[in-house]
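**Q** Sharing a sequence plus its predicted fold:
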Amino acid sequence: MSINNSILKLLNMKDKNLNFTENFVEERNIKNRRSLVIKTFLDKNPNCCPKCGCVDNIKKNGTITLKPIKIPSISGLNSYLEITKQLYKCNNCKHKITPQTDEVDYRCRISNNTKHSIIMFAKETITYKFIAKLHNVSDKTVQRQVNKIYDKDKLYKNYIPINICIDEFTWKKKTMAFNICDAETGKTLDLVEDRTTENLNKYFSYYLSENKLKVENVVMDMYKPYIKLVQDNFPNANIIIDMFHIVQLISRSLNKTRVQAMKKDKANYRKIKRYGKLLLKARLELDCSKWRKFLCFKNLMTEVDVVDYILNENEELKNTYDLYQNLLYALQRKDYILFKEMIGKEYSGISTYMQTSLNTLKEFSPYIKNTMEQQYSNGVMERNNNTCKLIKRIGFGYRNFDNFKARILIITNLFRPAKKNAENLLSTL
């Protein structure tokens, strides 16, 4: 392998017309920063005149040195490519010919390698300003490169998985955005800025009806407007309520009951507050054999003893706790018959918080049955929502939803750089 080819490979460039002479690397001070300038000579002899088509009547017409072009940094130093081009002239029509290279776009001072590197870094959860600093460009340049591979009017509307998850997250201030992802792979399919029913019905109307009829399962939380939305747009789909949200509903009711009891019982205030998390644990997971010292208690006790002491001090809390444990047991065992029996009874002595939760569970009980029969959950959706929140936080918020959406879709690999070798680019930096 020649030295010229080795240099091209080192710089991850393919244009064989770029020639490197002796002492081709020069150190300069550019914008008050120590930088490396790699000098190269581009000699691309045209076969014919692009204007008149004349052959064998083209001669050299001097050279021109372009302003340095930004390339990925080398050893932590800003690096530039300074190209000197061999100019040609057609003697027939007097047309002047300037050779071009695929390593940089016409009249652009940022190399294509740099642009692809920007996209690869945009897939990581780091800020645009940090990406810009790494590549010696502005943050607006980073945003433009991201937007180039994202078309807000051209998404995969002709395809939708048979199992999907839907949820919402806070977009800005009190505005909620809608998120839809594949329940199997967890890949984000799309983000919608407005989660209102009217807007979502309009959004799903763009999908082919035959594809919407193929959807089998839709996983969601207990947000009532989504029920009608799914029934209207995916008539053959089973609605699955996420198990986490069901457990969260009853655990919050128990916790509110505990706080209410804690405020009324000043004598046991510290005990009820300190060991509130033991009440939320499944009864079978409490330790009943290990005796140890618990703060606020004089004698050695087990976790079961602590819970029983707290419950014996408040009858309403005890009744609410017993119902909570029965519901939790049915959910963990996925026993819908027992669950249906528990929510169907009339209870006296439980808190109003738990009674409200019971009414909610009764309303969503047909869909909770699907939850116990299917294996899907909104776990992958919560991961995607956390990614959205993380990107929004490290970027100190986004004003433009399309810019925010483009970044999320790149991170979740929905859009990818066009070059086949883009994935190997980072290994050369």
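**A** Yep, it's here. Predicted, not measured: the structure shown is a model, and the values here were computed from it.
**Q** can you tell me the helix or strand for the nearest residue to residue 276 once chain neighbours are set aside?
**A** Distances taken as C-beta to C-beta, 6 or more residues apart in numbering put residue 258 closest to residue 276, at 5.2 Å, once the chain neighbours are dropped. C-beta coordinates here come from the backbone N, C-alpha and C atoms, glycine included. In the assignment (DSSP states H and E), residue 258 maps to helix 243-264.
**Q** For that helix, name the packing helices and strands.
**A** helix 269-274, helix 276-280, helix 315-333, helix 352-363, helix 365-373 (3 or more C-beta pairs under 8 Å, 6 or more residues apart in numbering; DSSP states H and E).
**Q** Give me the contact list for the fourth one.
**A** If I follow you right, that is helix 352-363. 222, 246, 249-250, 252-254, 256-257, 260, 320, 323-324, 327, 343-344, 347, 368 (C-beta atoms under 8 Å, 6 or more residues apart in numbering).
**Q** Kindly write the ChimeraX command that selects the buried subset of these.
**A** To isolate the buried members of these in ChimeraX, using 16 or more other C-beta atoms under 10 Å:
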select :222,246,249,250,253,254,256,257,260,320,323,324,327,343,368
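**Q** And the helices in the stretch 151-300 of the chain, which stretches?
**A** 197-204, 209-212, 224-233, 243-264, 269-274, 276-280 (DSSP state H, counting those that start in this stretch).
**Q** Buried deepest among the ones you listed, which one?
**A** helix 243-264 (a mean of 18; mean count of other C-beta atoms under 10 Å).
**Q** Now do it and helix 315-333, the angle between them.
**A** 170 degrees (axes from the mean of the first three to the mean of the last three C-alpha atoms, to 10 degrees).
**Q** ok, and what's touching helix 243-264?
**A** Counting by C-beta under 8 Å, 6+ apart, 221-222, 268-269, 272-273, 276, 279-280, 313-314, 316-317, 320-321, 324, 327-328, 331, 351, 353-354, 356-357, 360-361, 368, 371, 377-379, 382 sit against helix 243-264.
**Q** Can you show me the strands along this protein?
**A** 18-19, 25-30, 33-42, 58-65, 69-74, 77-90, 96-97, 163-172, 175-182, 188-192, 217-220, 238-241, 292-293, 300-301 (DSSP state E).
**Q** Compute the number of surrounding residues for residue 169.
**A** Neighbourhood size, residue 169 [other C-beta atoms under 10 Å]: 19.
**Q** hmm, back to that, now tabulate the strands of the chain in CSV and tack on distance to residue 150 and mean pLDDT.
**A** CSV is the format used below for the strands of the chain (distance: least, C-beta to C-beta, whole Å; pLDDT from 0 to 100):
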stretch, distance to residue 150, mean pLDDT
strand 18-19, 31, 92
strand 25-30, 32, 93
strand 33-42, 31, 94
strand 58-65, 36, 90
strand 69-74, 22, 94
strand 77-90, 28, 94
strand 96-97, 36, 88
strand 163-172, 17, 92
strand 175-182, 16, 92
strand 188-192, 11, 90
strand 217-220, 26, 96
strand 238-241, 31, 96
strand 292-293, 57, 91
strand 300-301, 59, 92
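**Q** Quick one, which of the ones you listed gets closest to residue 104.
**A** Judged by C-beta to C-beta, the one of the strands of the chain that comes nearest to residue 104 is strand 69-74, at 5.3 Å.
**Q** picking that back up, wait, which of the helices of the stretch 151-300 of the chain is closest to residue 339?
**A** Comparing those by C-beta to C-beta, helix 243-264 comes nearest, at 9.4 Å.
**Q** now the angle from that closest one to helix 352-363?
**A** Using the same axes, to 10 degrees: helix 243-264 against helix 352-363 is 160 degrees.
**Q** tell me how far the helix holding residue 258 is from the chain's mean position?
**A** How far helix 243-264 lies from its chain's middle: 31 Å, per C-alpha atoms, centre = their mean, to the nearest Å.
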